[in-house]
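*Asks:* Task: produce atomic coordinates for the following.
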Amino acid sequence: MRPFSVVIDNDSLIHLTFINCHYPIFNGLRSIFSSMHVPEEVFIEFQNYDRIRDPERQKIIAQIDSNSKFLRKCSIYDTISKAFMQSAVGIDPGEAAAVAQFQKLSARFIISEDGKFHENAPKLYPGITIIKLKHVFAMLDINNLIDWALCISLLHKKRKMTSSELRIAYLSVAKWYGLEISGKKLSEKTSLKKLGLI
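*Replies:* So this is what the prediction gives:
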C-alpha cells in the first residue's frame, strides 16, 4: 500500500504526542502516510491542551505548519461540508473541520478516538472512513515500523481497549493489505493478557 494522506483529530494527536515521549512513533508514521493534515481548529485545541507539558509537545507544535510536508496545518475546507457538520448534533468544531478537510483533500482516512464521532459522522457523510490509533498501529506493525507491545501498552494507558476491539482492528487492517493472519499470531498481537496488560 502506497503512502496516503490522512486528517487527524485532536484526541489522536494528543495520544501520539504522549507516545512519542517514550517511542519515536512519528518516524514510522512518515513511512505509511504521505501527510497528516491538522485542521486549524484541531491545532488550536491541541495547542491549548494543558495536560501535556513537555519538550516533545512543543516540538510537535513547531512541526505543524501550513508549509510542512508532513504535519500540515490547514485552513482551506470544503465550506459546504463544514457548515453542515457544524450544525450537526454531537460534532464539535474540530471534528467538523476534520470532515470538511477530509472532503476537500479526498483523504483516505480521518484518525479520531472519539466514539460518538465514529458513530455520527458516517451517518451524515456515508463516504467518510474514520479509524482509530489501533488501526494505525496495526498498519505500522504489518510494515515492521513499530514496537507493537510497547506502543499498545502506552496507548492502553490513555485509551482503554479490549482484546476483541484490538483483534477486530488488526484483522481489518490485514484485510486492507490483503493478508491472512494466523490465529496464533493474532492472539500474540491482540490478547491483552499475552501483552501483559491484564
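*Asks:* Against which helices or strands is the helix-or-strand element of the chain with minimal mean pLDDT packed?
*Replies:* The weakest-scoring helix or strand in the chain, judged by mean pLDDT, DSSP states H and E, is helix 79-86 (a mean of 77). Other elements packing on helix 79-86 under the criterion 3 or more CB pairs under 8 Å, 6 or more residues apart in numbering; DSSP states H and E are helix 93-105, helix 115-124. Where C-beta positions appear, they are placed from N, C-alpha and C, glycine not excepted.
*Asks:* which of those is buried the deepest?
*Replies:* helix 93-105 (a mean of 25; mean count of other CB atoms under 10 Å).
*Asks:* Tell me which other helices or strands it touches.
*Replies:* strand 4-8, strand 33-39, helix 40-48, strand 71-74, helix 79-86, strand 109-111, helix 115-124.
*Asks:* Go through the ones you listed and find the least confident stretch.
*Replies:* Lowest mean pLDDT within the helices and strands packed on helix 93-105: helix 79-86, at a mean of 77.
*Asks:* so how far does stretch 14-31 reach from one end to the other?
*Replies:* Chord length of stretch 14-31, first to last residue, is 20 Å (CA to CA, to the nearest Å).
*Asks:* typo on my end, stretch 177-190
*Replies:* 18 Å.
*Asks:* now do stretch 155-164
*Replies:* 16 Å.
*Asks:* chain center to that stretch: distance?
*Replies:* How far stretch 155-164 lies from its chain's middle: 14 Å, per CA atoms, centre = their mean, to the nearest Å.
*Asks:* What lies in contact with it?
*Replies:* For stretch 155-164, contacts defined as CB atoms under 8 Å, 6 or more residues apart in numbering pick out 14-15, 18-19, 113, 133-134, 137, 190-193, 197.
*Asks:* Could you dump these into a markdown table and include pLDDT and distance to Cys151?
*Replies:* Listed next are those as a markdown table, based on pLDDT from 0 to 100; distance: CB to CB, whole Å:
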| residue | pLDDT | distance to Cys151 |
| --- | --- | --- |
| Ile14 | 92 | 15 |
| His15 | 94 | 10 |
| Phe18 | 91 | 11 |
| Ile19 | 95 | 6 |
| Glu113 | 96 | 15 |
| Leu133 | 98 | 9 |
| Lys134 | 98 | 10 |
| Phe137 | 98 | 6 |
| Thr190 | 98 | 13 |
| Ser191 | 98 | 16 |
| Leu192 | 97 | 14 |
| Lys193 | 96 | 18 |
| Leu197 | 95 | 12 |
